[in-house]
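Colleague: Sequence and predicted structure below; questions after.
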Amino acid sequence: MISDIQVNKPAPIKPGNAMAVFTRTTDVKPTIEALEANKQVLITAFYSDGLSLLKSLKVHLTKKFPNQSFREQREFRAAYRKLSNRILLEVIDHTLVVKKAPEIGWLKKLYPEHTNFLLSFPQVQGLNSSWQWYENGISIPVLRNKVHPYYGTYFPTRFDHLELFDNWLKRYEGPKKTAIDIGVGSGMLSFQMVQHGFQKVFGTDTNPNAIIGLTEFMGDTKLSRKITLDVASLFGKFKQQTELIVFNPPWLPQAQNLDGIDEAIYYNKNLFPEFFAAAKQHLLPEGKLVLLFSNLAKIANVATDHPIETELAKGGRFQLERCFKKRVKNASKHTKRDQHWRSEEEVELWELVHKEG
Ligand SMILES: C[S@@+](CC[C@H](N)C(=O)[O-])C[C@H]1O[C@@H](n2cnc3c(N)ncnc32)[C@H](O)[C@@H]1O
């Protein structure tokens with residue numbers, strides 16, 4: 001049952017005993033000192049007061065951590081995260097109490113039974129931008145309909161890998177009865193497969209929000225009878241063999257001491273070996289295993305090996321049928337100097353089949 005799945009959301013904050021108050025007439029210096037002394041600061045008048053306090057906090061921390069070294073930058077970010085999350089906003093009846101605040105539908109959807117609580121300013125900013133994406137939807141060049149990514153769910157901002165998959169699906173001439181999409185996210189690949197005539201798609205994701213969001217989005221439309229979902233790792237409850245397995249995994253290896261561990265972006269060392277072992281069991285004899293990947297980790301020098309090449313060389317399970325690569329269009333002409341390697345970025349589509357013999 002979908003209603004049994006626990007959604008990921010910022011936990012409501014309990015007010016501390018001695019909360020300071022900040023408005024546009026409050027002195028900034030003692031407010032920042034209060035934050036540094038582990039006190040909570042409540043924004044009571046205008047939403048923009050919170051924005052200006054955040055700005056002052058940034059200026060203050062830039063003076064404290066002036067160096068551009070990797071270590072200082074990390075300390076800067078950690079301090080900013082800690083202190084900014086002590087700046088609070090009050091929510092009453094699913095609405096922010098301050099004036100001129102954005103309307104954020106998540107406050108009702110994600111907290112139906114909470115009528116009076118606090119959230120931190122950065123949490124509210126995250127909810128707000130996610131609400132804009134969700135409300136307005138995203139047009140994807142290869143999909144007929146817009147996608148509406150749910151709070152806390154991965155969605156792509158560049159689409160080259162989806163174009164690669166679209167071209168692959170156009171040329172695919174095998175049967176189209178069933179497919180499995182590992183890590184469905186906002187559903188891009190599953191929607192592509194349905195659009196190209198697949199009759200039944202099974203999708204999993206370890207992130208409950210992905211499954212809740214897609215279930216809500218499909219409602220009881222025709223799509224909901226074509227796509228069946230499970231909140232689980234890898235193949236979850238799906239035991240059947242299918243003619244197509246697709247996986248757009250995280251593209252970067254998990255390093256220690258990372259600022260945030262996001263399962264949509266970073267993979268741990270067990271993910272690929274476990275995936276390939278399970279995929280061997282779930283792929284029909286003539287089936288295709290399609291992985292979308294990128295050379296991002298290699299060109300950014302954060303990985304020495306390529307998990308798909310490693311599997312092909314050492315796994316003994318699959319062999320390469322074809323590999324397509326596509327240069328990523330530059331998102332901006334003003335690519336930062338320290339990101340010059342981005343111009344080398346390529347997305348990859350790997351088509352594997354069972355190893356012969
Ligand atoms: C890069 S995103 C791709 C999402 C979507 N398929 C797309 O192409 O837009 C990777 C997804 O895999 C999910 N994921 C990560 N590890 C997983 C695992 N072990 N089992 C199932 N899903 C996983 C993440 O939560 C995330 O939604």
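Modeller: That came in fine, so what should we check first? Residues are numbered from 1 along each chain as shown.

Colleague: so when I look at residue 278, I'm seeing a strand, right?
Modeller: No: applying DSSP: H, G, I helix; E, B strand; the rest coil, one finds residue 278 to be helix, outside a strand.

Colleague: I'd guessed it sits against residue 232; true?
Modeller: No: between residue 278 and residue 232 there is no contact under C-beta atoms under 8 Å: 11.4 Å. No exception for glycine: its C-beta is placed from N, CA and C like everyone else's.

Colleague: Now tell me what touches stretch 117-128 from outside.
Modeller: 10, 12-15, 42-43, 50, 53-54, 81, 84-91, 96, 102, 104, 106-107, 110-111, 151 (C-beta atoms under 8 Å, 6 or more residues apart in numbering).

Colleague: From those, which land in strands?
Modeller: Among the contacts of stretch 117-128, DSSP state E puts 42-43, 87-91, 96 in strands.

Colleague: remind me which residues of the stretch 1-150 of the chain are low pLDDT?
Modeller: Counting by pLDDT under 70, the ranges of the stretch 1-150 of the chain that qualify are 1-3, 16.

Colleague: end to end, how far does stretch 174-190 reach?
Modeller: End-to-end distance for stretch 174-190, by C-alpha to C-alpha, to the nearest Å: 17 Å.

Colleague: What's the mean pLDDT across that stretch?
Modeller: Summarised as a single mean, pLDDT over stretch 174-190 is 97.

Colleague: That stretch and the ligand, are they touching?
Modeller: Yes: residues of stretch 174-190 are located near the ligand by C-beta under 6 Å from any ligand atom, namely 182-186, 188-189.

Colleague: Find the pair from those residues with maximum spatial separation.
Modeller: Based on C-beta to C-beta, the longest span within these runs between 182 and 186 and measures 14.4 Å.

Colleague: Give me the three-state assignment for residue 203.
Modeller: Put simply, residue 203 is strand when judged by three-state DSSP.

Colleague: burial count for it?
Modeller: Residues within reach of residue 203, counting by other C-beta atoms under 10 Å, total 25.

Colleague: what's the host helix or strand of residue 193 in contact with?
Modeller: If you go by DSSP states H and E, residue 193 is part of helix 188-195. Identification of contacts with helix 188-195 by C-beta under 8 Å, 6+ apart yields 140, 142-145, 147, 155-156, 162, 165-166, 169, 179, 181, 184, 201, 203, 223, 226-227, 244, 246, 248, 292.

Colleague: circling back to that earlier point, now the contacts of stretch 117-128: which count as buried?
Modeller: When the contacts of stretch 117-128 are checked for burial by 16 or more other C-beta atoms under 10 Å, the buried set is 10, 13, 42-43, 50, 53-54, 84-91, 96, 104, 106-107, 110-111, 151.

Colleague: how about stretch 202-209: buried residues?
Modeller: 202-205, 207-209.

Colleague: and the residues you listed as JSON lines, adding distance to residue 283 and pLDDT?
Modeller: Output for the buried residues of stretch 202-209, formatted as JSON lines (distance: C-beta to C-beta, whole Å; pLDDT from 0 to 100):
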{"residue": "202", "distance to residue 283": "13", "pLDDT": "98"}
{"residue": "203", "distance to residue 283": "16", "pLDDT": "98"}
{"residue": "204", "distance to residue 283": "15", "pLDDT": "98"}
{"residue": "205", "distance to residue 283": "20", "pLDDT": "97"}
{"residue": "207", "distance to residue 283": "24", "pLDDT": "95"}
{"residue": "208", "distance to residue 283": "27", "pLDDT": "96"}
{"residue": "209", "distance to residue 283": "28", "pLDDT": "97"}
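
Colleague: which among those residues gets closest to residue 136?
Modeller: Nearest member of the buried residues of stretch 202-209 to residue 136, counting by C-beta to C-beta, is residue 209, at 18.3 Å.

Colleague: what residues are up against that closest one?
Modeller: Residue 209 neighbours (C-beta under 8 Å, 6+ apart): 7-8, 150-153.

Colleague: now that we have these, which one has the most neighbours?
Modeller: Neighbour counts for these peak at residue 150, which has 27 neighbours (criterion: other C-beta under 10 Å).

Colleague: Can you give me the distance of that one to the ligand?
Modeller: Applying C-beta to the nearest ligand atom, to the nearest Å, the value for residue 150 to the ligand is 11 Å.

Colleague: so that residue touches residue 213, yeah?
Modeller: Yes: taking contacts as C-beta under 8 Å, residue 150 lies within contact range of residue 213: 2.4 Å.

Colleague: Next, show the common contact partners of those two.
Modeller: When contacts are counted by C-beta under 8 Å, 6+ apart, the set common to residue 150 and residue 213 consists of residue 186.

Colleague: count of residues packed around residue 34?
Modeller: 19.

Colleague: Now it. Its backbone dihedrals?
Modeller: In terms of degrees, to the nearest 10, the main-chain angles of residue 34 are phi -60, psi -40.

Colleague: List the contacts of the nearest residue to it once chain neighbours are set aside.
Modeller: Nearest residue to residue 34, sequence neighbours excluded (C-beta to C-beta, 6 or more residues apart in numbering): residue 20, at 4.6 Å. With contacts defined as C-beta under 8 Å, 6+ apart, residue 20 is in contact with 31, 34, 39-42.
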